[in-house]
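> here is my input, please return the structure:
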Amino acid sequence: MVREWAQRDFGNRIGLDRVIRVLDRHNVRGTVALNSDVCVHMPEVVRACLAHGWELMGHGKTNTHRLNEVPPEEERVLVKEILDTIEGLSGTR
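Numbering: from 1, shown residues only. From the prediction side, this is the model:
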């Protein structure tokens, strides 16, 4: 189980810093396809991106729940929740 978690979480622990360094070195501004659960569970990842001037692009709540499977009557509420969560941490919508 640790091996699977480590592989999946590599980006949060190590990969992000490497990507930031490369993009900074080449003066490239990143764009993040951001699941709003990252704002809740790993806000330091979002803060690191914001500290380097990256743009946040809403990408849903989590990769385990697909937006195209949400019943239409629940979609508007879920999208608002996602955007509110991202705005709550980033200060921008």
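> any idea which helix or strand in the chain has the lowest mean pLDDT?
Every helix and strand in the chain was compared by mean pLDDT, DSSP states H and E; the lowest is helix 2-10, with a mean of 67.
> mind listing what's buried in the very next helix or strand once past that one?
Per DSSP states H and E, the first helix or strand lying C-terminal to helix 2-10 is helix 16-25. Residues of helix 16-25 classed as buried: 16, 19-20 (neighbour count, 16 or more other Cβ atoms under 10 Å). Glycine gets a C-beta too; all of them are placed from N, C-alpha and C.
> before we move on, what about stretch 75-90?
In stretch 75-90, counting by 16+ other Cβ under 10 Å, buried: 78-79, 82, 85-86, 89-90.
> and these, which is closest to Lys61?
Lys61 has its nearest neighbour among the buried residues of stretch 75-90 in Ile82, at 5.5 Å by Cβ to Cβ.
> quick one: the strands in this structure?
For the chain, the strands defined by DSSP state E occupy 31-34, 55-58.
> kindly reformat the ones you listed as a markdown table containing distance to Val40.
Putting the strands of the chain into a markdown table (distance: least, Cβ to Cβ, whole Å) gives the following:
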| stretch | distance to Val40 |
| --- | --- |
| strand 31-34 | 12 |
| strand 55-58 | 14 |
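> want to throw those strands into JSON lines with mean neighbour count and mean pLDDT?
Formatted as JSON lines, the strands of the chain follow (neighbours: other Cβ atoms under 10 Å; pLDDT from 0 to 100):
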{"stretch": "strand 31-34", "mean neighbour count": "15", "mean pLDDT": "95"}
{"stretch": "strand 55-58", "mean neighbour count": "16", "mean pLDDT": "95"}
